[in-house]
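Colleague: just a sequence and a predicted model for now, questions to come.
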Amino acid sequence: MNRRWKITTAAVMLSLALLTNATSAQNAEVNLENWKKEEHWQTGELNCIYGLRQFNELTQKRVYTVGVHAPAGKDKAFIEFNLTFVTYLNAVVGKRWDPPIEFKMTTTENPLVSWIDEGEEVDFMYSDTGIYSCVGTEIGSQPLGTTIADLKTRGHEYELDMHGGKTENVAFRIAYNHTQTNVPTGTILVRADNEEINGNEDLRNKVIAGQAFSVFAGAQSQFWLMYKNGMDYIMDPKQVVFTKNDDETVQGVLSRRWDVRFVPSGRAERTIDETTGDFIDPNLFKVIEPKIFIMDDGNIFPFLHSTPAFPEWPISAKENVDEIVAEEVSLALINLRRHKIIGEAIHLCLDNALSQEDIELCETAPTVYFDPSARCDTTRELAELAYQAGEAGHHSGFRPARSHFAVRTMQQEAGFIKQDKKGKWHCGRSSSNYDAISCPEGHYKVSESLFEQQCDEAGLPCPKGYLCYCRPCVKAYEVDVFPWDVETQGIVPEDHPRCDKMSVCGSVEQTKEIVFHAYDNLERSNATVSALIYIGEESMSLPVKSDEVRRFFDYEFSFSHNRRGVAILEVFIDGIQIPESPFRVEVKELTCPEKRRVAVRVLSVETGQFHVPF
């Protein structure tokens with residue numbers, strides 16, 4: 001069979017288009033009958049790999065672990081990225097050594113805790129852009145590449161990376177419906193018929209839903225916008241709900257379960273209506289304060305968005321990873337896109353085959369048939385693997401790493417990255433929703449038990465399986481003084497966690513002890529705290545101890561008396577009475593239920609002192 005074909009007029013009528021190519025590959029002819037790889041790919045070409053790497057026992061490892069951030073769940077992350085970071089890397093990078101080195105993958109929903117605090121053994125890290133910024137800030141990392149996300153919706157396909165937009169010099173892409181865009185962005189969406197919310201300032205006192213506290217495109221970038229508009233994302237919303245699922249976040253806005261949703265750009269355009277199975281009509285939503293972004297190639301970013309643009313998910317290596325191994329991983333992931341293009345073309349060829357001869361051609365033709373500029377290391381098997389890896393992970397490969405400086409700046413401004421007193425920068429992390437809350441300056445967090453009840457008490461019960469908070473901070477005094485329950489190690493009563501000036505700060509029966517805690521919200525180091533109490537004509541100094549076991553800047557003192565009445569409590573720091581002081585403490589009658597008697601003080605003739613006679 002004569003297999004001399006013009007690419008643009010192949011018998012299978014492929015819907016392929018050649019991108020800009022300096023060699024004018026669109027009119028190229030490929031003679032498969034006489035084609036020889038030695039003539040097409042000469043030894044030494046830059047895109048060919050020859051020889052093997054020599055294993056270095058001192059600097060290299062036999063097995064490398066790729067840690068993957070899993071905000072939507074570990075199982076989903078494994079399904080999406082195992083082909084990319086295990087199967088593909090083992091095939092492309094592992095075999096560069098003899099015997100081959102190996103790659104395996106582990107997933108976590110909380111990378112900062114797993115990779116940094118708990119010291120999980122990972123060599124490479126793939127994460128949300130905000131998590132990467134935090135990892136780089138705290139322990140440093142080598143950026144190796146940025147994801148080119150493959151977004152398909154409503155008959156169009158888009159590739160998103162970061163400040164890209166310029167089509168690369170590759171041979172084939174699917175015709176009519178493929179555009180390479182740049183950057184992901186964050187979007188604030190509400191129902192189109194919601195007339196109460198038209199700008200960022202209208203987010204006050206609204207119910208807001210996002211994916212997760214740690215997700216940059218689905219929460220942090222929008223929280224940053226609130227901060228830039230003079231709002232606090234902890235205290236200004238009526239309620240914040242984290243769904244862990246962007247589709248559920250969208251559905252909740254339509255059903256009016258919440259007022260506002262924070263999602264990555266393009267999510268509304270890709271969400272399926274649960275009732276019809278069709279795409280949700282995007283006209284049902286409106287984007288709050290939409291922005292227009294011009295890409296590098298002059299086209300307009302295809303989705304309306306609310307936040308500035310920022311990079312897609314990066315892949316990075318810890319700083320102790322051997323640079324040769326890191327380089328091989330980086331090159332392999334960047335080249336994945338070129339391999340995947342051939343895989344797409346083979347699948348499209350089979351989809352459009354009109355005869356058995358066409359099918360045979362699609363199943364046997366070398367990669368150069370589908371792209372005259374195909375890499376010499378792109379085999380049909382590798383093209384298929386890259387295609388399947390991209391489909392599973394919703395990406396088209398990787399590009400050279402983008403800068404995350406703007407992301408770090410946004411996180412620092414909004415308080416997601418903070419500097420400690422030693423000058424080191426840290427990102428907040430948590431093992432629970434409660435731990436994730438960082439109250440604004442001048443406020444403190446309510447107790448965890450009260451935190452769990454707040455949304456219910458506000459008439460906004462948290463949906464099952466979600467995480468919520470409802471204004472969990474209380475405006476703080478310079479020093480908060482409150483009664484303390486020694487048995488439960490908590491504030492009593494919880495619904496009144498601090499004492500106001502001249503308020504009744506606590507009550508105690510005669511002869512029994514009441515314990516107080518004083519927390520210094522100014523966190524003054526080496527401060528001297530003292531407490532004085534007056535009852536009648538008596539005054540006494542109360543011993544004060546620092547509660548460094550529970551938390552620093554927390555001080556404890558106790559009081560008991562056998563005389564009924566109201567005592568006056570004064571609290572001092574470094575000899576100066578705190579602004580909230582003094583307080584009142586009620587000493588009540590000591591009752592004796594078994595004899596139904598009330599304690600009284602009796603003057604002893606022998607000692608001349610008052611005492612309780614039982």
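Modeller: Yep, it's here. Residues are numbered from 1 along each chain as shown.
Colleague: all strands of the stretch 351-500 of the chain, in order?
Modeller: Under the criterion DSSP state E, counting those that start in this stretch, strands of the stretch 351-500 of the chain are mapped to 395-399, 417-419, 425-427, 443-445, 467-469, 473-475, 479-485, 490-491.
Colleague: tally of neighbours for Ile79?
Modeller: 12 (other CB atoms under 10 Å). Heads up, the C-betas are built off the backbone N, CA and C, glycines and all.
Colleague: er, Tyr434 actually
Modeller: Counted with other CB under 10 Å, Tyr434 comes out at 17.
Colleague: distance of it from Glu452?
Modeller: Going from Tyr434 to Glu452 by CB to CB, to the nearest Å gives 8 Å.
Colleague: quick one: Pro71 is in a strand?
Modeller: No. Pro71 is assigned coil when assessed by DSSP: H, G, I helix; E, B strand; the rest coil, not a strand.
Colleague: shouldn't it be in contact with Gln211?
Modeller: Yes. Proximity of Pro71 to Gln211 meets the contact threshold set by CB atoms under 8 Å, at 6.4 Å.
Colleague: joint contacts of these two?
Modeller: Here Pro71 and Gln211 have Lys244 as joint contacts, going by CB atoms under 8 Å, 6 or more residues apart in numbering.
Colleague: coming back round to it: can you put the strands of the stretch 351-500 of the chain in TSV and add distance to Arg563?
Modeller: Compiled in TSV, the strands of the stretch 351-500 of the chain are given as follows (distance: least, CB to CB, whole Å):
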stretch	distance to Arg563
strand 395-399	76
strand 417-419	49
strand 425-427	51
strand 443-445	34
strand 467-469	45
strand 473-475	34
strand 479-485	19
strand 490-491	27
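Colleague: do you know which of these lies nearest Glu138?
Modeller: strand 425-427 (6.2 Å; CB to CB).
Colleague: quick one: the closest one to chain centroid distance?
Modeller: Its chain's average C-alpha position is 14 Å from that of strand 425-427, according to CA atoms, centre = their mean, to the nearest Å.
Colleague: again with stretch 386-404
Modeller: With CA atoms, centre = their mean as the basis, the distance from the averaged C-alpha position of stretch 386-404 to the chain average is 19 Å.
Colleague: what distance do you get for Met231 to Lys206?
Modeller: Relative to Lys206, and taking CB to CB, Met231 is found at 11 Å.
Colleague: tell me, what's touching the two both at once?
Modeller: Common neighbours of Met231 and Lys206 (criterion: CB under 8 Å, 6+ apart): none identified.
Colleague: surely Ser316 is in a strand?
Modeller: Yes. Using three-state DSSP, the assignment for Ser316 is a strand.
Colleague: partner residues bridging it?
Modeller: For Ser316, the beta-bridge partners are Met125, Pro143 (DSSP bridges).
Colleague: my read is that it contacts Phe124, right?
Modeller: Yes. Ser316 is within contact range of Phe124, at 7.0 Å (criterion: CB under 8 Å).
Colleague: could you list the low-pLDDT ranges of the stretch 51-200 of the chain?
Modeller: Residues of the stretch 51-200 of the chain meeting the criterion pLDDT under 70: 151-184.
Colleague: just the strands in it please.
Modeller: For the stretch 51-200 of the chain, the strands defined by DSSP E, counting those that start in this stretch occupy 63-69, 102-108, 124-126, 142-153, 156-160, 172-174, 178-180, 186-191.
Colleague: check which helices and strands the last one sits against.
Modeller: Which is strand 186-191. Where contact means 3 or more CB pairs under 8 Å, 6 or more residues apart in numbering; DSSP states H and E, strand 186-191 is packed against helix 221-228, helix 246-254, strand 260-264, helix 267-270, strand 285-287.
Colleague: at 6 Å what do you get?
Modeller: helix 221-228, strand 260-264 (3 or more CB pairs under 6 Å, 6 or more residues apart in numbering; DSSP states H and E).
Colleague: can you say which of the ones you listed is packed in most?
Modeller: strand 260-264 (a mean of 28; mean count of other CB atoms under 10 Å).
Colleague: quick one: list the elements packing against it.
Modeller: Against strand 260-264 (3+ CB pairs under 6 Å, 6+ apart) you get strand 186-191, strand 207-210, helix 246-254.
Colleague: note down every partner strand of the second one and its orientation.
Modeller: Each strand that strand 207-210 pairs with, and the sense of that pairing, follows from DSSP bridges: strand 239-242 (parallel), strand 260-264 (parallel).
Colleague: list of residues touching the shortest one?
Modeller: It refers to strand 239-242. The contact list for strand 239-242, computed with CB atoms under 6 Å, 6 or more residues apart in numbering, reads Val207, Ile208, Ala209, Gly210, Ala212, Trp258, Leu460, Tyr466, Leu467, Cys468, Tyr469, Cys470.
Colleague: state the distance from the fourth one to Val263.
Modeller: Noted for Gly210: a distance of 8 Å to Val263, by CB to CB.
Colleague: and for the closest residue to Thr528 other than its chain neighbours, the neighbour number?
Modeller: Leaving aside its sequence neighbours, Thr528 sits nearest to Asp574 (CB to CB, 6 or more residues apart in numbering; 5.4 Å). By other CB under 10 Å, 10 other residues sit near Asp574.
Colleague: what's the answer for Glu589, then?
Modeller: Counted by other CB under 10 Å, the residues lying close to Glu589 total 12.
Colleague: who are the packing partners of the longest helix along the chain?
Modeller: Ordering each helix of the chain by length in residues (DSSP state H) puts helix 323-351 first. The contact analysis (3+ CB pairs under 6 Å, 6+ apart) places helix 323-351 against strand 142-153, helix 367-370, helix 380-393, strand 395-399.
Colleague: what lines up beside the last one in the sheet?
Modeller: Strand partners for strand 395-399, identified by DSSP bridges, are recorded as strand 142-153 (antiparallel).
Colleague: to Asp371, which of the helices and strands packed on strand 260-264 lies closest?
Modeller: Among the helices and strands packed on strand 260-264, if distance is taken as CB to CB, the winner is helix 246-254, at 34.5 Å.
Colleague: just want the angle from the longest helix of the chain to strand 63-69.
Modeller: 70 degrees (axes from the mean of the first three to the mean of the last three CA atoms, to 10 degrees).
Colleague: residues contacting the residue lying closest to Asn521 once chain neighbours are set aside?
Modeller: Distance criterion CB to CB, 6+ apart; nearest residue to Asn521, sequence neighbours excluded, is Ala476 at 4.5 Å. Going by CB under 6 Å, 6+ apart, Ala476 touches Gly442, His443, Tyr444, Asn521.
Colleague: any idea how far Asp232 is from Ala476?
Modeller: In terms of CB to CB, Ala476 sits 14 Å off from Asp232.
Colleague: then Leu52?
Modeller: 57 Å.
Colleague: and the two? which has more neighbours close in?
Modeller: More crowded of Leu52 and Asp232, by other CB under 10 Å: Asp232, with 19 against 11.
Colleague: poorly predicted segments of the stretch 301-450 of the chain, please.
Modeller: In the stretch 301-450 of the chain (pLDDT under 70), the answer is 301-302, 430-431.
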